[in-house]
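Colleague: What follows is a predicted protein model with its sequence.
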Amino acid sequence: MANLAEEIQNEFDRALKARANGNEGQARVCARRAAGIAIREYLVRGGIRPPSRSAHDLLNLIKEQAALPPDLKLVADHLTLRVTEEFKLPIEADLVAESKLLCDWLSKN
């Protein structure tokens, strides 16, 4: 399991580096990938074979899970939002911080 935690941390490290370089789009991609890794691991621990390798698909799946608290369903929703034509999110949100909250919850449940 430490390997998965390392993979997740590597994605967050990449996200922060991308953000520091002014590339918020890449930071969002890394935040989504980290969430996807955590979701796959959560599903496997629950005896569920992940139906997809796509972080986007897994985020949509996890939104339907009854066990997921409402605030984290909102986080999963934010992580699947489409950007505007200017490549901006249609809401004010720090997807890296939100993804960390989701990953932490998934690792503990």
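Modeller: Arrived safely, thanks for sending.

Colleague: which parts of stretch 22-38 are buried?
Modeller: Using 16 or more other CB atoms under 10 Å as the test for burial, stretch 22-38 gives 24, 27-38. In short, each C-beta sits where N, CA and C put it, glycine included.

Colleague: contacts for that stretch?
Modeller: The contact list for stretch 22-38, computed with CB atoms under 8 Å, 6 or more residues apart in numbering, reads 4, 7-8, 11-12, 14-16, 18-19, 53-56, 58-59, 76, 79, 83, 87, 89, 95-96, 98-100, 102-103, 106-107.

Colleague: what does stretch 84-95 give?
Modeller: In contact with stretch 84-95 (CB under 8 Å, 6+ apart) are residues G25, A27, R28, A31, R32, H78, L79, L81, R82, V83.

Colleague: how about JSON lines for the residues you listed, with secondary structure added?
Modeller: Output for the contacts of stretch 84-95, formatted as JSON lines (DSSP: H, G, I helix; E, B strand; the rest coil):
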{"residue": "G25", "secondary structure": "helix"}
{"residue": "A27", "secondary structure": "helix"}
{"residue": "R28", "secondary structure": "helix"}
{"residue": "A31", "secondary structure": "helix"}
{"residue": "R32", "secondary structure": "helix"}
{"residue": "H78", "secondary structure": "helix"}
{"residue": "L79", "secondary structure": "helix"}
{"residue": "L81", "secondary structure": "coil"}
{"residue": "R82", "secondary structure": "coil"}
{"residue": "V83", "secondary structure": "coil"}
